[in-house]
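**Q** sequence and predicted structure are below.
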Amino acid sequence: MTEQCKCTNGEDNCCKKGHDEKLEKLNSILEEFKGQPGALIPVLHQAQQVYGYLPEEVQYHISQGLGVPLADVYGVVTFYSLFTMTPRADYNLAVCMGTACYVKGAGELVQKIRDEFGIKIGEISEDRKYGLEATRCIGACGMAPVLTINEEVHGRLDADQLEEILQKYKTGEQSTTHA
Amino acid sequence: MTHSSHILICRGTACVSTESQEVQNELEKQVRERGLSEQVRVVHTGCFGFCARGPVMVILPRGTMYCEVRVEDVGEIIERHILGGEIIERLLFKDPQTYEPTEKIDEVDFFRKQVRIALRNCGHINPDDIEEYIARDGYKALGKVLTESTPEEVVNIIKKSELRGRGGGGFPTGLKWELTRKSVDDIKYVICNADEGDPGAFMDRSILEGDPHSVLEAMAIAGYAIGARQGFVYVRAEYAIAVERLNNAIKQARQKGLLGKKLFETEFDFDIELRLGAGAFVCGEETALITSIEGNRGEPRPRPPFPAQKGLWGKPTLINNVETLANIPAVILKGPEWYASFGTEKSKGTKVFAIAGKIGNTGLIEVPMGISLREVIYDIGGGIPDGREFKAAQTGGPSGGCIPATLIDIPIEYDSLLEAGSMMGSGGLIVMDDSDCMVDIAKFYLEFTCDESCGKCTPCRVGTKRMLEILERITEGRGREEDIDLLKELGHGIKETSLCGLGQSAPNPVLSTLRYFEEEYMAHIRDKVCPAGVCKKLSKIRIIPEECKKCGACTKVCPVGAIKGKPKELHEIDPDKCIKCEECIKKCHFKAIKK
C-alpha cells in the first residue's frame, strides 16, 4: 500500500517528496494520452492507481492536462463505480453481492463484518484500517459466497471461517493463504 | 522435444482463488528437482468449467481428471501417477449421489452432455502461448477468408450459420454484419463487448481467460467482412486475469504478424486495442458502451441510428459479444451447415451457461440449444444439494426472469424462454431451491437495476425506484393487496417507455415472479408470512414442542433474553423481544427451532 498523500497543496514538507513523485507520474500519464480521442477514462484509471483515489485537485489537474472541462471529468468520475473520491482503507473488505453469492449467504458475511467493525457498506472504520464494500459479481460463482480483501479472493466462506480470517487481519498476522 | 505426460492445470479465476497457482508452482518445482523436465510438461490453461471442484487438473495422455488438488498432493501425483502409472482414487471426481469415482474427464456426466464450440480450446491450451492456439487450427480461419473469400462471401457464411447474438438480444449476427458492411464510410470499427455485467454470469470472462486468441481472430475476420481496420475490446476492469491475458495475446499476435499491417500478405490491415470499463452495468448496452469508449458518462442514446450506421465517433460500428465472436472461427472452418446442424429450428448452435446457486456442480457448460432445463440441472448440474427441492431457475440476470419447477422440461432456446417470461440473456443460470423467497429475489434484482440505472430517462430512473419501494414494503409486512396490480402496471409502463435495454427489461424479474409465484407475494401481503423464511421482518422463529428436549441451550445463547423456560420446562420464544438473529437455531442440537 502506498502512503496516503495528505498535502494536496504541496505545503506540508513531510510528504512533499511523495507528492512530487505522484505528480510526476500523473504528468507523464497525461503526456502519453494527450490528444488521443477517448483518453479520459484510461487516464482516470491510471491516476487512481497512482493516488489511490481521485480527489478534486487531481481531477482539476487532469482537466487542465487533457483540455477537458472539469465538469466533464467530475461527471465521469461520479458516474462509474470504480472511481472513488474518498481515500480507501488499508484493508478493503469487498463482499460479492452477485446472485450466486447472495443466495448462498453473502448477506450473513456483511452482517458479520458490520458486527465486528461497526461499519456499514460504503464506510471505513475510524482508524482507516478496514473498509466494507458490496461489489458486483466478480464471476467466482463456483466459490460462492466470495469475499475479497484487497486483491486476495476468499471463497466458500461461512460466518465462522470469516471470523477466522478477520481475526488474522486484526491481530496483524495478515493472511496470505486463500480460503 | 516430445513429452510423455502433460499436466494441465486450470488457472481460471475460481481455481486461482483456491490456490491453483501454488499447485502449479509446486508441480514445476518437483518436476525440475526430480529431473523429469524432459518427460513431463506442466501447462496452465483456462477454465475447464468444473469450478465447483477446483483446482482441477487433467493429466494427458490418459485424460485423468483430479479435483480439489492441494499443494500437499503434488508429491503423490508425481510419485504414483507419473512415475508409478497408478490412478490416485481419492482425488478423482466422485458422483455426489453414488460416490462412484470416475477417472477420465470425458466420462464425467458434467462433460458428457456438452458440445463445446465456443469453449473448444478452454482447458486445452495455454492461453498465454499463441503457438498452442495455432496448433489447434488457430488463425487458420482468418487466413482462409483473407485468401479465399470475398467480404460478401464471409457475411453470407455467417448468415447461413444462423448464429444469433449471444449477449442476450439474440439478433442474427450475419444480418448485423451485412448492415454494417452496407454502410458506406472510409472508417469503420469492430467492437467486442466484454462488459459482462449480469450477476452470476462468467461465460465471457472464462473465454477471455481460456482462449483470448479466438476472440481476436474473429474480430479480424469481422473487420475484413465489414471493411474495418480497427477493433476495440471493451472489457470490465474487474476481470484482472482476462485483461492481462488479452494484453498478452494482442502483443503475441502483433509479433507474429497476425494483427497489424498486411495480414497474410494481403492488403488487409487490422489492429485491436483494449478499453477498460469502470464499473457501470449500463455500459453493456451497445450505445452506452460506445459513449463510454468515447470517454464520456456511459449513457445510452436512442436508436435509430443504429451503431451499424452511426456508432463509435459517428462511424459505422459492429458490436458483437465475446461468445458470439468465439464461435466465428469454428463456423468458418467447419462450415455454416455444420454449425446449423446443432440446436433447434430458430436457435442454432450451442450456448454457454454459467450455472450457479443451489446446484451440485457449479461451473461453466456449453450445450446444444434446445436441451431441456431438466437435463442441465440434473444430468449436468448434478441436481440440488442438501436434499432440497428445486423451486426455480433464473436466466437472463436482471433482465430475465424466473422459470418455475412446473416448466422444468422447457427447451432452452431464445423463443421458448421469452414465452415463459424470461429470456436467454447472456447465459447466467441461477438455480434456486425451496429456501429462496421469490419476492426477495425480485427485490434483489430490482435493487441492482435501480442502482445501475444511469438516470437519463425518467421511466427507468423513477419507475424502478417506485417498484423497489413497493417490494420493500411487501417484504417488511406493510404490503397492500392493490400493490400487485400497481407493480404490474408500473412494470409494463417501464418496459414500454424506457430508452434502452436496461430499463426495458428491468421489470422482468418482478413480472415473471408475479406470474408464477403470485401466491407467495400474497402470503407476504395478506398473511404477513414469508413462506421461505427469508424476509426477516416477516419470519417468526418458533420452537417445535414435540422436538424440544428442554435442555435450555437456546435460552443461554439468546442475546435479548427472548426465550422463556428453565431447563426441563418447555421453551417458548417471545415474538416481541426476538430480534431474529437465529443464534438459537444454530445452537439447538435437536433442530427443534424453525423459522
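**A** Cool, got the structure.

**Q** just the helices in chain A please.
**A** Using DSSP state H, the helices of chain A run over A:16-33, A:40-51, A:56-66, A:70-79, A:99-103, A:106-117, A:159-170.

**Q** show residues contacting the second one.
**A** Under the criterion CB atoms under 8 Å, 6 or more residues apart in numbering or on different chains, residues A:5, A:22, A:25-26, A:29-30, A:33, A:54, A:58, A:62, A:66, A:68, A:72-73, A:76-77, A:80, A:82-84, B:237, B:275-276, B:278, B:292, B:295-296 lie in contact with helix A:40-51. Bear in mind the C-beta positions are built from the backbone N, C-alpha and C, glycine included.

**Q** local confidence estimate at the residue of the stretch 401-550 of chain B found nearest chain A?
**A** With CB to the nearest CB as the measure, residue B:430 is the residue of the stretch 401-550 of chain B nearest to chain A, at 4.8 Å. The model reports residue B:430 with a pLDDT of 92.

**Q** if we can go back for a sec, of all the helices of chain A, which one is nearest residue B:247?
**A** helix A:40-51 (13.1 Å; CB to CB).

**Q** so how many other residues sit close to the residue in chain A that chain B sits nearest to?
**A** As assessed by CB to the nearest CB, chain B sits closest to residue A:142 within chain A, at 2.6 Å. Residues near residue A:142, counting by other CB atoms under 10 Å in any protein chain shown, number 30.

**Q** neighbours around the spatially closest residue to it that is not a sequence neighbour, how many?
**A** Using CB to CB, 6 or more residues apart in numbering or on different chains and skipping residues adjacent in sequence, the residue nearest residue A:142 is residue B:51, 2.6 Å away. Using other CB under 10 Å as the criterion, residue B:51 is surrounded by 32 other residues.

**Q** domain map for chain A?
**A** A:13-79, A:91-170 (automatic domain parsing).

**Q** circling back: ok, the residue nearest to residue A:142 - contacts?
**A** Residues in contact with residue B:51 (CB under 8 Å, 6+ apart) are A:140, A:141, A:142, A:143, B:12, B:14, B:15, B:362, B:363, B:364.

**Q** can I assume the fifth one is in contact with residue B:209?
**A** Yes - the criterion here is CB atoms under 8 Å, and residue B:12 meets it with residue B:209 at 5.4 Å.

**Q** any weak-confidence spans in the chain?
**A** Defaulting to chain A. A:1-16, A:172-179 (pLDDT under 70).

**Q** my bad, chain B
**A** B:1-2.

**Q** please go through it and pick out the longest strand.
**A** The longest strand of chain B (DSSP state E) is strand B:350-357.

**Q** which helices and strands sit right next to that strand?
**A** Counting contacts by 3 or more CB pairs under 8 Å, 6 or more residues apart in numbering or on different chains; DSSP states H and E, strand B:350-357 packs against helix A:99-103, helix B:203-210, helix B:322-334, strand B:363-368, strand B:428-433.

**Q** mean neighbour count for the helices of chain A - can I get that in CSV?
**A** Shown next, in CSV, are these (neighbours: other CB atoms under 10 Å in any protein chain shown):
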stretch, mean neighbour count
helix A:16-33, 15
helix A:40-51, 20
helix A:56-66, 17
helix A:70-79, 17
helix A:99-103, 28
helix A:106-117, 18
helix A:159-170, 15
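
**Q** nearest to residue B:288, of those?
**A** helix A:70-79 (10.5 Å).

**Q** by contact count, what packs against that closest one?
**A** Checking 3+ CB pairs under 8 Å, 6+ apart, helix A:70-79 ends up next to helix A:40-51, helix A:56-66.

**Q** which stretch among the ones you listed comes nearest residue B:233?
**A** helix A:40-51 (13.3 Å).

**Q** how close does residue B:492 sit to residue B:208?
**A** 37 Å (CB to CB, to the nearest Å).

**Q** of those two, give the one with the bigger neighbour count.
**A** Counted by other CB under 10 Å, residue B:492 and residue B:208 do not tie: residue B:208 has more neighbours, with 29 against 12.

**Q** so who does the more buried one touch?
**A** B:194, B:215, B:235, B:239, B:242, B:245, B:246, B:322.

**Q** show me which of these neighbour chain A.
**A** With CB under 8 Å from any CB of the partner chain as the criterion, those include residue B:239 near chain A.

**Q** could you dump the contacts of residue B:51 to a markdown table with distance to residue B:378?
**A** Shown next, in a markdown table, are the contacts of residue B:51 (distance: CB to CB, whole Å):
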| residue | distance to residue B:378 |
| --- | --- |
| A:140 | 24 |
| A:141 | 19 |
| A:142 | 18 |
| A:143 | 23 |
| B:12 | 25 |
| B:14 | 22 |
| B:15 | 25 |
| B:362 | 15 |
| B:363 | 15 |
| B:364 | 18 |
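
**Q** before we move on, back to that, mind putting the domains of chain A into TSV with distance to residue B:544?
**A** Listed next are the domains of chain A as TSV, based on distance: least, CB to CB, whole Å:
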stretch	distance to residue B:544
domain A:13-79	52
domain A:91-170	23
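
**Q** residue A:117 and residue A:124 touch, don't they?
**A** No - Residue A:117 is beyond contact range of residue A:124, at 9.2 Å (criterion: CB under 8 Å).

**Q** which neighbours do these two have in common?
**A** A:130, A:132.

**Q** now do the SS call for the spatially closest residue to residue B:526 that is not a sequence neighbour.
**A** In this structure, residue B:526 finds its nearest non-sequential neighbour in residue B:481, 6.9 Å apart by CB to CB, 6+ apart. Using DSSP: H, G, I helix; E, B strand; the rest coil, the structure places residue B:481 in coil.

**Q** how about residue B:144?
**A** helix.

**Q** that one and residue B:223, how far apart?
**A** In terms of CB to CB, residue B:144 sits 15 Å off from residue B:223.

**Q** which one's more surrounded, the two?
**A** residue B:223 (26 against 17).

**Q** just checking, that one is part of a helix?
**A** Yes - judged by three-state DSSP, residue B:223 forms part of a helix.
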